[in-house]
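K.L.:
build me a model from this:
(chains A and B)
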Amino acid sequence: MNICVLLKQVPDQGSVFTIDSDETWVQEDNLVFTTNESDNYALEEALLMKASKGGEVVVCTLGPDRASQTLKDALAKGADRALFLRDDAFDRLDSLGAARAFAAALRDDSFDLILCGLQADDTGEGQLGPMLAEQLSLPHVTLVVQTELLDGCIKIKQELEGGWFRHLEADLPALLTIQSGINKPRYASLKGIMAMKRKEIKQVSAADLSLTTGDLTPHQILKRLYVPAKTKETQFLEGSPDEVVAQLVEKLANEAKVL
Amino acid sequence: MNMKVRQMGMTVRGLDYANISILLTDEEILVQHTTRDFVEAEVLPVITKHHRQATFPHELVSEMAALGFLGSNLPAQYGCANLNSVAHGLLCQELERGDSAVRSFVSVQTSLAMYPIYALGSEEQKRKWLPAMARGEVIGCFGLTEPDVGSNPQAIKTRATKTERGWRLSGTKMWITNGSIADIAIVWAKDDGDIIRGFIIEKGWDGFSTTDMHGKFSLRASVTSELIFDEVHVPEQSQLPKAEGLAGPLQCLNQARYGIAWGSIGAAMACYEAALKYAGERIQFGKPIASFQLTQEKLVWMLSEITKAQLLALQLGRLKDRELLRHQLVSLAKRNNVWMARECARLSREIHGANGIIDDYPVMRHLMNLESVYTYEGTHEMHTLIMGEDITGISAFE
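P.N.:
Residues are numbered from 1 along each chain as shown, chains lettered A, B, ... in the order given. Predicted coordinates:
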């Protein structure tokens, strides 16, 4: 069972965010970065599968130099090797561009499973997994909350809206996006940390993957990032009950115009 | 605010005012992350209850062992993680940020039970005990201090008399961390020639008993016991062959003191972090008490001392890994950093006002713990005199 887990390094949710001067991203100088939450669950699911079925767990990320931290953390937790998509041409890709880059990197490896987190905590799009699956012509299931490996296929429990679940079976190879809470992600053991430095992090560029500018040109551009302006305000009515009722009726009639 | 400068490398979690992260390797930082995450998720939710009830958190042992916390700086061939000294120090720091009792448990197991076997034991003893101790299946303790003997261990009264089949051990040890929960005790006793020797004493041997010490106001989540040896027969193969004289136990204590120099920083960090948070939230005279100069001075003092202590501990670790660490420098760091932590705990308690004495906040627990840490593993005063002797050439205690 050879599994690839896609990881993304994102700002820690406890960070204080400041929008940068061109209003298209946040200032990164004072941020602490960490591995995307649901990606940790995807990694743990892969490591559990490896423990029961054997094989190899490969972790893969795309990002700036600092994103190698996320790979090292995953290697310390037990992943066998890492693939790092690193190129200035990969800066600010949209989901489709990222999916094309990952597809180019993973196409020649024969993974039985590709696991991703449900969505990235920074952009929150949740599109990369399905797009990558389409690029690689793999069946995919999103919002996975339970897995069971069988011969040549995998049984999946998928979370739907309103507390409903759906049970599915997918042929392998397949791509799943994993919901947080599916397992209990492990800590990196001290032995795992010491073994990390002997593991390979292979860095690949856009040229290595034969990706053209056209492949990576974003179709979706973030025009402006801003903190929502405060447009609503709660009013507290004061006075005796009769006075408050009178004020409320006046406001409903003249301000809200619902009477 | 904990400002982070822009950098490509990993950073430690939490307090790092001087950006010490850039002086650390990725492995060292990952050890800090694992321990920090473990303490946040597993230790902090249960430690107040254990402190209040004066119970040892047995439930933490198996996971700490699985993560490699026990004997972490010993070689891989004995089932250990083979951490360098800085990574081991960061482990101690993070554990003590949780509670001194948890760090003490790990320190005793690692530095005072496993290390003596590793450094002074036979290959057979190492193979027999160290892997099982790393797995947490065998817990150890260290018996040097006696009811009448503390700072002057040369005066111990416990006797090891040579017999035909080994040794006969008699005496009493006191203030022994992990004493009654230990499966083996590393015990120091004088032979017929008044030479101090070390023995591995196993639980259940005839004549060996333990009693727990109660009524402690400090290290309440740690087991502290008296060990009683009444003519205990010790087979020859349970003697530590390379231990001869006081240098044996002192060598072990030096390892533990090194861990304390780091651990105390963790306790200080916890107190500082709590004080900073509280000062920002507590409103008096219409504004947060953090806006008062007196409060700011306390916070700044704490942060300054913590930062200095971090740099000192780091330098100690680098020297230790290059085998350049003199024991007098360990005295300097143990003495300074525990004192610093105790002062931080007091200042944090002051900032917390009356709330500081309630165990809704971690401060009083750390303050009470640090009273023990200030005194154990060489008192603050003895470390002063060790340094005094080192710089003047004149011993003030012998």
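K.L.:
quick one, what contacts B:Thr211?
P.N.:
B:180, B:225-226, B:228 (C-beta atoms under 8 Å, 6 or more residues apart in numbering or on different chains). All C-beta spots, glycine's among them, are computed from the backbone N, C-alpha and C.
K.L.:
now the strands for the stretch 51-200 of chain A?
P.N.:
Remark: strands assigned in the stretch 51-200 of chain A by DSSP state E, counting those that start in this stretch are A:56-62, A:81-85, A:113-117, A:140-150, A:153-159, A:165-171, A:174-178.
K.L.:
filter the contacts of B:Thr211 down to the ones in strands?
P.N.:
B:225-226, B:228 (DSSP state E).
K.L.:
what about chain A, any weak spots by pLDDT?
P.N.:
Filtered on pLDDT under 70, chain A yields no residues whatsoever.
K.L.:
flag every residue of it that's near chain B.
P.N.:
Selection of chain A residues close to chain B by C-beta under 8 Å from any C-beta of the partner chain yields A:16, A:28-32, A:65-66, A:69, A:72-73, A:76, A:187-191, A:193-194, A:196-197.
K.L.:
circling back: top of the ones in strands among the contacts of B:Thr211 by neighbour count?
P.N.:
Neighbour counts for the ones in strands among the contacts of B:Thr211, by other C-beta atoms under 10 Å in any protein chain shown, peak at B:Ser225, which reaches 23 neighbours.
K.L.:
tell me which other helices or strands the host helix or strand of B:Trp188 touches.
P.N.:
Element membership for B:Trp188 (DSSP states H and E) is strand B:184-190. Where contact means 3 or more C-beta pairs under 8 Å, 6 or more residues apart in numbering or on different chains; DSSP states H and E, strand B:184-190 is packed against strand B:140-143, strand B:159-162, strand B:166-177, strand B:196-202, strand B:224-235, helix B:247-281.
K.L.:
let me know how buried the residue of the stretch 151-259 of chain A found nearest chain B is, in neighbour terms.
P.N.:
Residue nearest to chain B within the stretch 151-259 of chain A (C-beta to the nearest C-beta): A:Leu190, separated by 3.2 Å. A:Leu190 has 27 neighbours, counted by other C-beta under 10 Å.
K.L.:
what about it, distance to B:Pro57?
P.N.:
From A:Leu190 across to B:Pro57, the span is 20 Å (C-beta to C-beta, to the nearest Å).
K.L.:
pretty sure B:Arg342 contacts B:Val363?
P.N.:
No - counting by C-beta atoms under 8 Å, B:Arg342 stays clear of B:Val363, with 11.8 Å between them.
K.L.:
with neighbour numbers in mind, choose between the two.
P.N.:
Taking other C-beta under 10 Å, B:Arg342 and B:Val363 do not tie; B:Val363 has more neighbours (29 against 22).
K.L.:
returning to that earlier point: give me the contact list for the strand holding B:Trp188.
P.N.:
Against strand B:184-190 from outside (C-beta under 8 Å, 6+ apart): B:112-113, B:116-117, B:129, B:138-144, B:153, B:156-160, B:169, B:171, B:173, B:176, B:179, B:196-203, B:208, B:227, B:229, B:240, B:243, B:248-249, B:252.
K.L.:
name the stretch among the helices and strands packed on strand B:184-190 that sits most buried.
P.N.:
Across the helices and strands packed on strand B:184-190, averaging neighbours per residue (mean count of other C-beta atoms under 10 Å in any protein chain shown) puts strand B:140-143 on top, at a mean of 28.
K.L.:
may I have the strands that pair with that strand, each with its orientation?
P.N.:
strand B:184-190 (parallel) (DSSP bridges).
K.L.:
show residues contacting the host helix or strand of B:Ile117.
P.N.:
For B:Ile117, the host element (DSSP H and E) is helix B:115-120. Helix B:115-120 is contacted from outside by B:71, B:74-75, B:78, B:125-126, B:129-130, B:133, B:142, B:186, B:198, B:200, B:240-243, B:248-249, B:251-252, B:255, using C-beta under 8 Å, 6+ apart.
K.L.:
where does the residue located most distally from the centre of chain B fall, phi/psi-wise?
P.N.:
The C-alpha centroid of chain B is most remote from B:Gly286, which lies 42.5 Å away (C-alpha atoms, centre = their mean). Torsion angles at B:Gly286 (phi, psi; degrees, to the nearest 10) stand at phi 80, psi 10.
K.L.:
contact partners for it?
P.N.:
Contacts of B:Gly286 were listed using C-beta under 8 Å, 6+ apart, and none were found.
K.L.:
right, and A:Ala89 touches A:Thr212 too?
P.N.:
No - A:Ala89 lies out of contact with A:Thr212 (C-beta under 8 Å); the separation is 9.7 Å.
K.L.:
higher neighbour count, those two?
P.N.:
A:Ala89 (16 against 11).
K.L.:
for A:Thr61, see how far away that one is.
P.N.:
In this structure, A:Ala89 and A:Thr61 are 16 Å apart, going by C-beta to C-beta.
K.L.:
ditto for B:Gly263
P.N.:
To A:Thr61, B:Gly263 is 35 Å away according to C-beta to C-beta.
K.L.:
now do stretch B:81-99, average pLDDT.
P.N.:
For stretch B:81-99, mean pLDDT rounds to 98.
K.L.:
could I get the full set of helices for chain B?
P.N.:
B:26-38, B:44-53, B:61-67, B:85-98, B:100-107, B:115-120, B:123-134, B:247-281, B:293-321, B:327-351, B:363-375, B:380-392 (DSSP state H).
K.L.:
select, out of these, the one closest to B:Ala18.
P.N.:
Closest approach to B:Ala18 among those (C-beta to C-beta): helix B:293-321, 5.0 Å.
K.L.:
would you mind getting the angle between the closest one and helix B:247-281?
P.N.:
Between helix B:293-321 and helix B:247-281, the angle comes out at 150 degrees (axes from the mean of the first three to the mean of the last three C-alpha atoms, to 10 degrees).
K.L.:
gap between helix B:293-321 and the chain center?
P.N.:
18 Å (C-alpha atoms, centre = their mean, to the nearest Å).
K.L.:
what residues of it count as buried?
P.N.:
Applying a neighbour-count criterion of 16 or more other C-beta atoms under 10 Å in any protein chain shown, one finds B:295, B:298-299, B:302-303, B:305-307, B:309-310, B:312-314, B:316-317, B:320 buried in helix B:293-321.
K.L.:
also stretch B:25-43?
P.N.:
Buried residues in stretch B:25-43, counting neighbours by 16+ other C-beta under 10 Å, are found at B:26-36, B:38-39, B:42-43.
K.L.:
can you check stretch B:322-339 too?
P.N.:
Across stretch B:322-339, burial judged by 16+ other C-beta under 10 Å covers B:325, B:327, B:329-339.
K.L.:
what's the mean pLDDT across it?
P.N.:
The average pLDDT for stretch B:322-339 rounds to 98.
K.L.:
just the helices in the stretch 1-150 of chain A please.
P.N.:
Along the stretch 1-150 of chain A, the segments classed as helices by DSSP state H, counting those that start in this stretch run A:37-53, A:68-77, A:95-106, A:128-135.
K.L.:
what angle separates the first one from strand A:56-62?
P.N.:
Read it as helix A:37-53. Going by the same axes, to 10 degrees, helix A:37-53 makes 160 degrees with strand A:56-62.
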